[in-house]
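Participant: output the structure for:
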Amino acid sequence: MPVRLRELPTESLAEPELIAIRALMDAAFGMDEEGGFADEDWAHALGGRHFVLDIGGQVVSHASVVERVLDIGGRPIRTGYVEAVATAPALEGRGHGSAVMSAVNEHIRATYELGALGTGRHAFYERLGWETWRGQAFVRTPEGPVGTPNEEGFILVLRTPLSPPISLAESISCDWRAGDVW
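Facilitator: Here you go, the predicted model:
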């Protein structure tokens, strides 16, 4: 069966594709320790670039990259933030997720100062060049920065040719958004 990996913006995805990608997220995340893949998680994945791998027309792996501004040590960094990474559970371990993330990495390295994502699956991403952030994490709110200590140790970054000199031990903050801020 033909394997196809596409990169396209949200607005170029047809409604059946969006439905298939959302169903993939629900199948992959189920009711995990954080309650599964919420509507806010889905909203976070939209509005950027999607990397969709399908086999014979069936979506089997996906990731999206949305633009965010992270502050590192008080400096704003234009960041490609990775959302909604999943592979159909029955097809995990066959390289589909790695193929998608390799394309994501290329896009981030060509477009952004930094890549970032939140995960508990460090080994998968680290072998693709991602590094665990070791500094304190915050979210920027209208009232000022608020610590997100539960996220510390779960934020990974990907340096790019455009990355300024940074230390993984500096503080990092993201903009506030509904649902999971990281």
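Participant: now do the strands in the chain.
Facilitator: Counting by DSSP state E, the chain has strands at residues 3-9, 49-55, 58-72, 75-87, 114-118, 131-132, 137-141, 144-147, 155-159, 172-175.
Participant: tabulate those strands (a markdown table), appending distance to Asp41 and mean neighbour count.
Facilitator: In this view, the C-beta of every residue, glycine as well, is placed from N, C-alpha and C. Below are the strands of the chain laid out as a markdown table (distance: least, Cβ to Cβ, whole Å; neighbours: other Cβ atoms under 10 Å):
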| stretch | distance to Asp41 | mean neighbour count |
| --- | --- | --- |
| strand 3-9 | 19 | 13 |
| strand 49-55 | 14 | 21 |
| strand 58-72 | 11 | 21 |
| strand 75-87 | 7 | 21 |
| strand 114-118 | 11 | 23 |
| strand 131-132 | 21 | 14 |
| strand 137-141 | 16 | 17 |
| strand 144-147 | 20 | 12 |
| strand 155-159 | 16 | 22 |
| strand 172-175 | 15 | 22 |
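Participant: which of those sits closest to Gly30?
Facilitator: With Cβ to Cβ as the measure, strand 75-87 is the member of the strands of the chain nearest Gly30 (10.6 Å).
Participant: grab the most central residue of this protein for me.
Facilitator: In the chain, the C-alpha nearest the mean C-alpha coordinate belongs to Val82, at 1.8 Å (Cα atoms, centre = their mean).
Participant: so it touches Gly115, yeah?
Facilitator: Yes. Counting by Cβ atoms under 8 Å, Val82 touches Gly115, with 6.6 Å between them.
Participant: need the overlap of contacts for the two.
Facilitator: Jointly contacting Val82 and Gly115 under the rule Cβ atoms under 8 Å, 6 or more residues apart in numbering are Val65, Val104, Ile108.
Participant: which residues of this protein score low on pLDDT?
Facilitator: 31-35 (pLDDT under 70).
Participant: make it 90
Facilitator: For the chain, the stretches with pLDDT under 90 are 1, 29-39, 74, 90-93, 120, 179.
Participant: burial count for Gly30?
Facilitator: Residues near Gly30, counting by other Cβ atoms under 10 Å, number 11.
Participant: and it, what does it touch?
Facilitator: By Cβ under 8 Å, 6+ apart, the neighbours of Gly30 are Gly36.
Participant: who's Leu70 bridged to?
Facilitator: Ile77 (DSSP bridges).
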